[in-house]
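Undergrad: Requesting a structural model of the entry that follows:
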Amino acid sequence: MKTFCGRANPTTGAMEWLEEDENYDYHQEIARSRYADMLHDKDRNMKYYQGIRAAVSRVKERGEKAIVLDIGTGTGLLSMMAASAGADFCYAIEVFKPMANAAVKIVEKNGFRDKIKVINKHSTEVTVGPDGDMQCRANILVTELFDTELIGEGALPTYEHAHKYLVQEGCEAVPHRATVYVQLVESKRMWSWNKLFPVRVEAEDGEKIVVSPSEMENCPGVPSVCDIQLNQMPSSDFTILSDVVTMFSVDFSKPVRSASTYYRVQLEPVKSGKAQIVLSWWDIDMDPSGTINCTMAPYWVKSTSAFQWRDHWMQCVYFLPNEEPILQGEKVYLTACRDEYSVWYKLQKARGEDNKADVCVESPICRCQAHLLWNRPRFGELNDQNRTRQYIKSLMNVLRTDSVCLCISDGSLLPVLAHYLGAKQVFTVENSAVSRSVMEKFFKANHLEDKIKILEARPESLTSSHLEDKKISVLVGEPFFTTSLLPWHNLYFWYARTAVSKHLASNVTILPQSASLHMMIVEFQDLWRIRSPCGICEGFDVRTMDDMIKSSIDFRESKEAEPHPLWEYPCKSLSDPLEVLVFDFRETVPQHCLSTEGSVNLLRKGKSHGAVLWMEYHLTADISVSTGLTQISNEKGNCEWNPHCKQAVYFFSSVIESEILADLPSAVTYAINFDTKTGDIAMDFKLL
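TA: Numbering: from 1, shown residues only. Just a heads-up that it's a prediction; the model follows:
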């Protein structure tokens, strides 16, 4: 059997379906999974173990046998905790077959074969009875079904079903309850991920302001949560407008309802301002008394300094449908609506009466399409005035009064900038129906629908008549394409530039004129954990899981770099940044591969966790923009990264292998190959 996988093709700028070996899909899932991250979460594991011990004791004290149901067992860790805490029997349910197979091996290896039965099914398909998967209903329910939003992985319907069919009434649950907390804030930075701000352009004939269409201004955006490492957000980037309040809680030991509903709290703002953002997180009490508590609270809420880093549970940023001016001391109502899988928020002024009638439990839907075209980092990038200034400055350098301009990027503001800065004529290629629709609305809102022509054709299909028989004197791109995952995927611009060669004037200006790939060796503060083996976890041997992850990573001959937004994941540089490859857009894409090899010296002591790679675009000879490193901020080598882009991280196998290198390497050799036929970059590193 074959499986089809969607992949961005940097040579066509399109998503393509590739036929892969049937094992490819789950190898990718295991290799990129967060199992290791969860197993490294000491705080989570310890609290679960304490909660499970307490629940088994409570059942035993009642003179009952302790029968445990563990839904979503993964490695079998929580079931093994229950068995070693004295549970009589555990049913461990795991729907993902490779994981269920690993759990069987791990359970056997740790000597719990007679106490734990692994069931490879979805919990809703599990049967109970003498001939069923479970002999009887369980009286202890143990689960770890939570994501950053708490309910996004289907925890509520799973609990609802389990209470109806799989556990006894009045069962013990670990965790016992979850509580969701919220705080109202104003934050220009976070709001810039959701709305487009006016763009100011200083042109020869005065200042021009690029505005959003009104439907974009009033659009509630997309309902999906924005989950981030909120602990990396400096306090100067937001203003707290309310105290932290409890929004709702769920008691897992009683029947749970997953049907859509809403919760409402009254807030008294502690400061006047514009309410834009609801920050949210949750905690779980492992026991009924709440003495064993595991919290996701961010740094300004939690007094303890011993933070547990985790990537599987972070914090939530929710955007209110519109910003609401609020006054200190003037009460407001915050309403959380939820369905089975997601939560969204609305804010209303308190009007004497408790106005429950106007609560609408409908999920917000993007009506303007811009939120479908641009993701949150892209909104942030378009709102970055410093970046826009670099493009304005470089366009002013190259545009003439007779310039005929062609823009190739997805949903870019460059055509508007080019028009305002004096280009005689501007064309823009918009490949998708969504980007065409958004840009049409945009041009209309700025009265430019007659000034900028949208071409509904792929670059290779452009004809002279599309361009009104004109030759292009200035070809521009950011470059940005919505299908790009890794930094070099935006090199599609080079392929598009090659495809339109015949329409370019002999003295054409290409902006950016070139791009370069840069790399640096780093030590991560925490991100290394997602690829690091666990070995022994809370006294249980889970090396079978480590081996499984390693073989999935090795499934491809060359390991692959993965995209990560490094502003959320602190690291320090161990080497200087190095330019490794240059791509000259003034020339067409060559037929031969571009390769480079060499070595980079490590200047600082530290663990070489991996290489970070990013692109820099050279707009003109002296103006560049970076998608990666913005600066190394001090002697320690702490790095600052472009917050609007994901950088590529290539983890070294020393992170994967458990033996620690006794001698720290002094240099790293690299070999990097750009295959011009596929647009892919292969790389290999060795620590010396």
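
Undergrad: Mind splitting the protein into its structural domains?
TA: Domains of the chain are assigned by the TED database as 2-32, 34-144, 178-365, 376-511, 514-687.

Undergrad: Skipping adjacent residues, who's closest to Cys150 in space?
TA: Just so we're on the same page, residue 150 is Leu rather than Cys. Counting by C-beta to C-beta, 6 or more residues apart in numbering, Leu150 lies nearest to Trp282, which is 4.9 Å off, once chain neighbours are set aside. The way it works is simple: take the backbone N, C-alpha and C, and place the C-beta from them, glycine included.

Undergrad: Please tell me how far the one you found sits from Asn194.
TA: Separation of Trp282 from Asn194 (C-beta to C-beta, to the nearest Å) stands at 22 Å.

Undergrad: Would you enumerate the residues in contact with the residue nearest to Leu150?
TA: Phe146, Leu150, Ala178, Thr179, Val180, Tyr181, Thr295, Met296 (C-beta atoms under 8 Å, 6 or more residues apart in numbering).

Undergrad: Surely the second one forms part of a strand?
TA: When you say that, I think you mean Leu150. No: counting by DSSP: H, G, I helix; E, B strand; the rest coil, Leu150 is not found in a strand; it is coil.

Undergrad: count of residues packed around it?
TA: The number of residues packed near Leu150 is 25, by other C-beta atoms under 10 Å.

Undergrad: picking up where we left off before, pLDDT value on the residue nearest to Leu150, please?
TA: pLDDT, Trp282: 98.

Undergrad: Could you do the one 3 residues further on as well?
TA: Each residue has a pLDDT score; the one for Asp285 is 98.

Undergrad: Could you tell me which residues make contact with it?
TA: Pro175, His176, Arg177, Ala178, Thr179, Ile292, Asn293.

Undergrad: cutoff 10 Å now
TA: Shown in contact with Asp285 (C-beta atoms under 10 Å, 6 or more residues apart in numbering): 47, 51, 174-179, 249, 251-252, 291-295.

Undergrad: out of these, which are buried?
TA: Lys47, Gly51, Val174, Pro175, His176, Arg177, Ala178, Thr179, Phe252, Ile292, Cys294, Thr295 (16 or more other C-beta atoms under 10 Å).

Undergrad: follow-up on the earlier one: can you flag the weakest of the domains of the chain by average pLDDT?
TA: When the domains of the chain are ranked by mean pLDDT, domain 2-32 comes last with a mean of 69.

Undergrad: what packs against whatever helix or strand Ala162 lives in?
TA: Element membership for Ala162, per DSSP states H and E: helix 155-165. For helix 155-165, the elements it packs on are strand 67-71, strand 138-143, strand 167-174, strand 245-251, judged by 3 or more C-beta pairs under 10 Å, 6 or more residues apart in numbering; DSSP states H and E.

Undergrad: which stretch among the ones you listed comes nearest Thr428?
TA: Closest approach to Thr428 among the helices and strands packed on helix 155-165 (C-beta to C-beta): strand 245-251, 43.9 Å.

Undergrad: That closest one to helix 155-165, inter-axis angle?
TA: Orientation check (axes from the mean of the first three to the mean of the last three C-alpha atoms, to 10 degrees): strand 245-251 against helix 155-165 gives 30 degrees.

Undergrad: Can you list the strands that strand 245-251 pairs with?
TA: strand 177-186 (antiparallel) (DSSP bridges).

Undergrad: need the contact list for the closest residue to Ala297 other than its chain neighbours.
TA: Of all residues not flanking Ala297 in the chain, Trp281 sits nearest, at 5.7 Å (C-beta to C-beta, 6+ apart). With contacts defined as C-beta under 10 Å, 6+ apart, Trp281 is in contact with 148-150, 179-183, 230, 244, 295-298, 301-302, 313-316.

Undergrad: Of the residues you listed, select the buried ones using a ChimeraX command.
TA: Only the buried entries of the contacts of Trp281 go into this ChimeraX selection, using 16+ other C-beta under 10 Å:
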select :148,149,150,179,180,181,182,183,230,244,295,296,297,298,301,313,314,315,316
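
Undergrad: what's the closest residue to Glu562 other than its chain neighbours sitting at in phi/psi?
TA: Distances taken as C-beta to C-beta, 6+ apart put Val649 closest to Glu562, at 5.7 Å, once the chain neighbours are dropped. Dihedral pair for Val649: phi -120, psi 130, per degrees, to the nearest 10.

Undergrad: so Val649 touches Val612, yeah?
TA: Yes: between Val649 and Val612 there is a contact at 5.7 Å, judged by C-beta atoms under 10 Å.

Undergrad: For these two, list the residues in contact with both.
TA: With C-beta under 10 Å, 6+ apart, Val649 and Val612 have common neighbours Val522, Phe524, Ala561, His564, Leu566, Cys571.

Undergrad: can you tell me which of those lies nearest to Met80?
TA: Within these, distances to Met80 taken as C-beta to C-beta reach their minimum at Phe524, with 29.4 Å.

Undergrad: Please list all residues in contact with the closest one.
TA: Counting by C-beta under 10 Å, 6+ apart, Phe524 touches 530-531, 564, 566, 569-572, 606-607, 609-610, 612, 649, 651, 655.

Undergrad: where's it relative to Leu578, distance?
TA: 19 Å.

Undergrad: what's the answer for Asn139, then?
TA: Plainly put, Asn139 is 60 Å away from Leu578 if you go by C-beta to C-beta.

Undergrad: And the two? Which one has more around it.
TA: Neighbour count, other C-beta under 10 Å: between Asn139 and Leu578, Asn139 has more, with 23 against 17.

Undergrad: Wait, the more buried one touches Ala82, no?
TA: No: at 11.7 Å, Asn139 does not count as touching Ala82 under the criterion of C-beta under 10 Å.

Undergrad: part of a strand, is Met439?
TA: No: under three-state DSSP, Met439 sits outside any strand and is assigned helix.

Undergrad: Might one say that it is in contact with Ile454?
TA: Yes: here Met439 reaches Ile454: they are 5.9 Å apart, a contact under C-beta under 10 Å.

Undergrad: The two: which has the busier surroundings?
TA: Met439 (24 against 17).

Undergrad: Next one: that one from Ser473, what distance?
TA: 22 Å.

Undergrad: Whichever strand or helix holds Val426: partners in the sheet, and parallel or antiparallel?
TA: According to DSSP H and E, Val426 maps onto strand 425-429. Taking DSSP bridges as the criterion, strand 425-429 pairs within the sheet with strand 404-408 (parallel), strand 452-455 (parallel).
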